[in-house]
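Student: could you look at this predicted model? Sequence included:
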Amino acid sequence: MMRMVNTPLDQPEDVPAAFVEAWQRRDPDGIADLFDEDAEFVNVTGLWWHDRRSIRRAHAYGLSVIFADSKLRLRDTRVKQLTDDIAVVHARMVLTGQTPVGEVEAPKPRQTLMSLVVRRGPGGWRCVSAQNTDIIAGMETNVVDADGHLLPVDYRSTSPTG
């Protein structure tokens, strides 16, 4: 079932599901509609948008350039209800078909975990804050090397030097 912009969301878990549906339609207005006017959004690289308009603009660009032929799939959703009208939602997603760039001719699928703080208002559930995080299997953290490159590492399998 496709949601249309301004369709009320009845449950907290409807927010990430509607995000995926809007992504599949390449609909930045549909994505923006999921957020409060003064919402916050942090993407996987730490870019930080401070309102619905900038969230819409960032996704319009991303859906037309970086993710033009991508598919986003929701794998798992968990809700932690904080009050009757506020919840934290975690959604594990898989992204395939990212646009090739530089020497990466066929980007591999990515797994992400999106954390959303949502609240119920007169129009249903909407997001007040979201952060998307890339999942890198088997890694514990990131380090920055001498050339300034961010590298995922697992200290259990790599001896720290120093």
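Tutor: Sure thing, it's come through.
Student: ok, Ile66 to Gly97 distance?
Tutor: According to Cβ to Cβ, to the nearest Å, Ile66 and Gly97 sit 11 Å apart. In this view, the C-beta of every residue, glycine as well, is placed from N, C-alpha and C.
Student: same check, this time on Val144
Tutor: For Val144, the distance to Gly97 (Cβ to Cβ) stands at 29 Å.
Student: quick one: which of those two has more around it?
Tutor: More crowded of Val144 and Gly97, by other Cβ atoms under 10 Å: Gly97, with 14 against 9.
Student: wait, that one sits on Lys71?
Tutor: Yes: taking contacts as Cβ atoms under 8 Å, Gly97 lies within contact range of Lys71: 5.3 Å.
Student: and what about Ser54, helix, strand or coil?
Tutor: helix (DSSP: H, G, I helix; E, B strand; the rest coil).
Student: mind checking pLDDT for it?
Tutor: Here, the pLDDT recorded for Ser54 equals 98.
Student: which SS state does the residue positioned nearest the centre of the chain fall under?
Tutor: In the chain, the residue lying closest to the centroid (Cα atoms, centre = their mean) is Asn132, at 3.8 Å. Following three-state DSSP, Asn132 is assigned to strand.
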